[in-house]
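*Asks:* Show me the folded form of this:
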Amino acid sequence: MARLLLVDDDVSVLRFVQAATKDIADLRVARSGQDALRLLRTDRPDLLLLDLQLGDANGLELLMKMRTDSALANIPVIFLSGEAGADPRVQALDLDALDWLPKPLDERRLRARIQAALDRIAKSPQPVPPNHDEPLDGACVLIVDDDPIMLDALEHALAPQNFRLVRATDSREALKLASEQAPEVVLLDIGLPGLNGFELAYRLMAMPKLADCPLLFVTQYGELETELQALQMGAFDFVSKPFVPAVLRARVSNALRLRRRSTRALEHAEAHWRRIGGTQLASIVADAHDPIVVLDADDRVVLANQAAHALFGDAAPPGIGSSLPTWLSTPLPATLINGEQHSARSVVMQPPGELAKVYDLSSSLLAAGDARLVALTFHDQTLLMKAQEEGRARLRLESESRARRLMMSYLAHEIGNPLNGIIGFTSLLLNPGAEPLTEEQRRKLSLVGDCAENLRRLMSDALDMARGESGHFSVETARHCLRSPVEAAVAAHQLAAERTGAEMHAPTGDLDVFVRADVGRLRQCLDNLLSNACKYGRPRGRIQVDISAGPVDVEISVSDDGLGMSAAQIERLFQPFERLGRQGPPGHGLGLAVTRMLAHAMGGRLEVASEEGVGTRFTLVLPRDDTLEGA
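*Replies:* I've put the predicted structure just below:
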C-alpha cells in the first residue's frame, strides 16, 4: 500500500478521498499547512495530495517551501483545487507538480490519476533535486495530428518555449520521425487515420529510444472513459481540446523537466553503482576461490589473484610483467591464451612438488590489438573427476556383485536338484539294508558322498555370501542353550578328526549358558570352524572347543595346534575364496567369510589368533541372554 498524505481543510473532501483510495493506499490527513510540514518531515509519504486554499496557508506557497527544502524537495505532488483560472495551474506545474485535478472530484478520475502517478514513481530511480534553471530550448517535441489547423495551434502554443517541433499528420509518418528524431516528448491526437492514437502510442512505447518518453494525448475525445484508457496504458497526461496555451506549455515543460530529472537520477545511480561495482568487483576477483590471471598482448601477467598465487606456488609467484610458469603455459592451448578459444576442458597440469591436477579453463578477451588483455580462469576439477571415477568404480563393483548373485542363484537352482539326487542315492546304496557291497565299492561310494556333501556346502556358503552382499540375508535370533548345538557339532566332526589322526576333545566350560542366536546359523558357524580345525590341525594333534561366559558376551573358541598363520595371511583370511596359497586339504575358501558374516548378523563377531607352526584359535563371540523364558 502506497502512503498518501492529503492536505485539505474540507471534511467532505477528506471523506471522499478516503473512501476512493481505501483499497490502493494508506491515507494520512493534515488539515493545515503547519500540520502538513510536520507530517512531511516525520512520516514522509509516497505522494502528496494538496489543496490550493488552506486555512493557514496557500498550497502553492507550501509547495514552494518544499522545493527549497532539500529534505522535502523530491516529494511528488498532485493538486486538488476548485480554482478555474489558468495561472495557479501553470504555477503548480512550473513547481513540478505531477498533476492538477479540478474539484468537484470524480472518484474514477481521482483513482486513475493517483494510480498513474504511483506507477510513474515506482518506475523512476531515486530522484535528484529539481533544476529549474535548466534551459529547455531546443528540446525535440513530436506533435501528431491529422488537422493542419490544430498542428498550427499546437506550434503557436509551444512557440514561446523555443522547442524544436517536429510535425506528423498520420501514424506512419509519426513512427518514421520518432525513429529518426528520438523526441523527448510526444503530443498526439486519438482520431488519426490508419493507426489510431492508442495504437500509435503502443508502437511508440515499444521503441527502445522512446522507452521513457512522456506521451501526452491532446484530443477532442475528452470523455472520462477515454481519459481513463489513456492513463491506464501509461500516458503521461491527457489534455482535452480546446486547451489553454499557457497550461499546455506548462504541461509539456513539466513533462520535459521530470523526464530529464529521471534521466539524471538514472545516470547518477549508474555512476554510483559503477564506482561501487568496480571496487566490489576487484574484491570479488581478489578473493575468488578459482585462480584468475590476466595476460597482456605479450602473454605477461598484469593481474593474478590470491588463488592464482597459491596455484603457482610460493616459491616463484608471478609478479606483474612476468611470464606464466612453463609447467602451466606448456599444456595450455595457444588459442586459449590469445583469447581465440573461450574454454578448454580437462587440461592436466602438475604444479612442482604436487600430484597432477585437472582443470577446466575459461578465457575472456577483455581488449584486442596491441592492448589485448585476456583473463584466464582455472576451475579445479580434480576432486570432481576423482569422485566421478570412484562413482564409476562403485557402479562397476555393484554390477559385478549383482551378476555374481544372479549366477549363484542360477547355479544353486540348476545344480541343487541333481546334487540332492547324488547324495540321496549314495546314502541308499550305503544303507546296511541295501544289496551287499565290497569294501572297495563302499570306499568309493563314500568318496562320492563326501564330494557331494562338500559341493553342497560350497553352494550353501556361496548363496549365503551372495545374499549377504545384496542385503537380503537375514537371521532369526532367539534364546538358546549352547550345550545341544556344541555337542552335536563336536560329535559330527569326530570322524573327520580321526581321519587326520587328530584328537577331538570334549567341550569345556559352561555349556549350559544361554546366548541370543539363530540356532541353525550357530550350528553352521561351529561346523565351519571345526571343519577348518580338522583340515589344518596337526596329525595326532589336539582340537579343543571351550566356552567362556562373561557378563555380556559368551565366547566359543575352537583351537588347534596345526599349521598356524602369519600376520599377512590373517589379513587375507576372511576374503571370499581365499585359501592363503595352501594346496593341501580340499576346500573352497568361503567357510570363514560366511562364518564371520553370520556372526555379525547375529549381533556378535568372529576373532582369530594364530602363530605359524604353533596353531590357530578362532573365537565366536555372541550376546549372552539371561532373560527368563516366557518373560
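
*Asks:* can you map out the helices along the stretch 351-500 of the chain?
*Replies:* 382-430, 439-470, 483-492, 494-499 (DSSP state H, counting those that start in this stretch).

*Asks:* Can you give me the pLDDT of the most centrally placed residue in the chain?
*Replies:* Computing the C-alpha centroid of the chain and ranking residues by Cα atoms, centre = their mean puts L384 first, at 16.8 Å. Turning to L384, the model gives it a pLDDT of 84.

*Asks:* next one: H413
*Replies:* For H413, the model assigns a pLDDT of 61.

*Asks:* again with V608
*Replies:* Looking at V608 specifically, the model assigns a pLDDT of 92.

*Asks:* Over to R624?
*Replies:* R624 carries a pLDDT score of 94 in this model.

*Asks:* quick revisit: weakest of the helices of the stretch 351-500 of the chain by average pLDDT?
*Replies:* Lowest mean pLDDT of the helices of the stretch 351-500 of the chain: helix 439-470, a mean of 70.

*Asks:* worst-scoring helix or strand of this structure, pLDDT-wise?
*Replies:* When each helix and strand of the chain is scored by mean pLDDT, DSSP states H and E, helix 439-470 comes last, with a mean of 70.

*Asks:* Could you pull up the contacting residues of the closest residue in space to D189 that isn't next to it in sequence?
*Replies:* Counting by Cβ to Cβ, 6 or more residues apart in numbering, D145 is the residue found nearest to D189 once chain neighbours are left out, at 4.4 Å. To be clear about C-beta, it is placed using only N, CA and C from the backbone, and glycine gets the same treatment. Listed by Cβ atoms under 8 Å, 6 or more residues apart in numbering, the contact partners of D145 are 151, 154, 169, 187-189, 192, 218.

*Asks:* if you set the cut-off to 10 Å instead, what comes out?
*Replies:* 151-154, 167-170, 174, 187-192, 197, 218-219, 241 (Cβ atoms under 10 Å, 6 or more residues apart in numbering).

*Asks:* coming back round to it: my read is that the residue nearest to the centre of the chain contacts R345, right?
*Replies:* No. L384 is beyond contact range of R345, at 11.8 Å (criterion: Cβ atoms under 10 Å).

*Asks:* overlap in contacts of these two?
*Replies:* When contacts are counted by Cβ under 10 Å, 6+ apart, L384 and R345 have 358, 360 as shared neighbours.

*Asks:* Can you report phi and psi for the residue nearest to G509 when sequence neighbours are not counted?
*Replies:* With sequence-adjacent residues excluded and distances taken as Cβ to Cβ, 6+ apart, G509 is closest to I547, at 3.2 Å. In this entry, I547 is assigned phi and psi values of phi -110, psi 130 (degrees, to the nearest 10).

*Asks:* if I look at I547, how far off is T508?
*Replies:* Computed as Cβ to Cβ, to the nearest Å, the I547 to T508 distance reads 7 Å.

*Asks:* Please apply the same query to P291.
*Replies:* 70 Å.

*Asks:* more neighbours, those two?
*Replies:* Looking at P291 and T508 with other Cβ atoms under 10 Å, you find the greater number of neighbours at P291, namely 22 against 12.

*Asks:* wait, what's in contact with the more buried one?
*Replies:* 304-312, 328, 359, 361, 376-380.

*Asks:* again, only using 6 Å
*Replies:* Residues touching P291, when contacts are defined by Cβ atoms under 6 Å, 6 or more residues apart in numbering, comprise 307-308, 311, 378.

*Asks:* Identify the bridge partners of M349.
*Replies:* Beta-bridge pairing for M349 (DSSP bridges): K357.

*Asks:* Pull up the per-residue confidence for it.
*Replies:* You'll see M349 listed with a pLDDT of 77.

*Asks:* if I look at it, how far off is F312?
*Replies:* To F312, M349 is 11 Å away according to Cβ to Cβ.
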